[in-house]
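[1] All I have is the shape, not the residue letters:
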């Protein structure tokens, strides 16, 4: 079972600057606790024991928080001195992973997936990357992921209004060694340059998870998280 997770927390959080200037998105306060506390609690509930933090913008703030509030937590830090894109950030963090399979999560997303079932499917299919997909209705903020009958990835559709569809929930099970072997530039997008480029020729799969999901990347959902997240998990 996957016992370590990469938390992607290096972004600038530009869409939240109007309500949270100069704070990394994962440190956005939800009541008395930063969002990161909810991410860590959720991952621990899933069985994650070791955390790799992929950091960039104001990384010292995150390191200080983790050190002071989770002194016993097994951690490693992959720090970007210059922006590497989501792909470069994940690759840098993957170099610190000790296991074959690593869970990757966005630092501004809370998605209460069923990890054991997702991982069982990941290994059964010999998947190189498995995406947790959230069913949604009446949305225009996200693109849509298309699946084949065997749940292999068959396509990615751009953002526009959809009455229904499966969105990429920002949670991945990744075969770290195979990912590190890919011929990719130092700076690249995990979504555009890895998932969308390689899905026709690599074993990429999706697992539908109709579980609680919230992405605090915009002010409206950040406000919603203030009400909903404390009901989801105890910090």
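    Good, I have the coordinates. Remember, it's a predicted structure, so these values are computed and weren't measured experimentally.

[2] measure residue 215 to residue 31 for me?
    Residue 215 sits at a distance of 18 Å from residue 31 (criterion: Cβ to Cβ, to the nearest Å). Every C-beta, even on glycine, is put in place using the N, C-alpha and C of the backbone.

[3] the more surrounded of these two?
    Taking other Cβ atoms under 10 Å, residue 215 and residue 31 do not tie; residue 215 has more neighbours (20 against 13).

[4] ok now do the residue nearest to the more buried one when sequence neighbours are not counted, which residues does it touch?
    Ranked by Cβ to Cβ, 6 or more residues apart in numbering and with sequence neighbours excluded, the top spatial neighbour of residue 215 is residue 109, at 4.8 Å. Applying Cβ atoms under 8 Å, 6 or more residues apart in numbering to residue 109 gives the contacts 169-171, 213-217.

[5] Closest one of these to residue 138?
    The nearest member of these to residue 138, counting by Cβ to Cβ, is residue 213 at 14.8 Å.

[6] Please, where are all the helices along the protein?
    For the chain, helices defined by DSSP state H occupy the ranges 35-46, 59-69, 85-94, 115-124, 176-181, 196-198, 219-232.

[7] Of the contacts of residue 109, which belong to strands?
    169-171, 213-215 (DSSP state E).

[8] Skipping adjacent residues, who's closest to residue 179 in space?
    Excluding its sequence neighbours, the residue lying closest to residue 179 (Cβ to Cβ, 6+ apart) is residue 94, at 5.9 Å.

[9] shaky segments in this protein?
    12-21 (pLDDT under 70).

[10] biggest separation within the ones in strands among the contacts of residue 109, which pair?
    Spatially, the most separated pair among the ones in strands among the contacts of residue 109 is 171 and 214, at 12.6 Å (Cβ to Cβ).

[11] These two - which one has more neighbours?
    Neighbour count, other Cβ under 10 Å: between residue 171 and residue 214, residue 171 has more, with 25 against 19.

[12] what is the more buried one paired to in the beta sheet?
    Using DSSP bridges, the bridge partners assigned to residue 171 are residue 105.

[13] For the remainder of this discussion, apply numbering that starts at 852.
    Okay, residue one is now 852; in that scheme the one you just asked about reads as residue 1022.

[14] what's near enough to touch the most centrally placed residue in the chain?
    Nearest residue to the geometric centre of the chain (Cα atoms, centre = their mean): residue 956, 2.1 Å. Residues counted as contacts of residue 956 (Cβ under 8 Å, 6+ apart) are 856-859, 890, 894, 962, 1021-1023.

[15] quick one on the thing from earlier: quick one: the residue nearest to residue 1030 from residue 975, how far?
    Residue 945 is 22 Å from residue 975, by Cβ to Cβ.

[16] more crowded one of the two?
    Between residue 945 and residue 975, counted using other Cβ under 10 Å, residue 945 has the larger neighbour count: 21 against 9.

[17] And that one, how far from residue 1003?
    With Cβ to Cβ as the criterion, residue 945 and residue 1003 are 22 Å apart.

[18] Please identify the residue most distant from the middle of this structure.
    Residue farthest from the centre of the chain, counting by Cα atoms, centre = their mean, is residue 1000 at 25.1 Å.

[19] about what we covered before: okay, the ones in strands among the contacts of residue 960 in JSON lines with distance to residue 992 next?
    Formatted as JSON lines, these follow (distance: Cβ to Cβ, whole Å):
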{"residue": "1020", "distance to residue 992": "13"}
{"residue": "1021", "distance to residue 992": "13"}
{"residue": "1022", "distance to residue 992": "17"}
{"residue": "1064", "distance to residue 992": "12"}
{"residue": "1065", "distance to residue 992": "12"}
{"residue": "1066", "distance to residue 992": "8"}
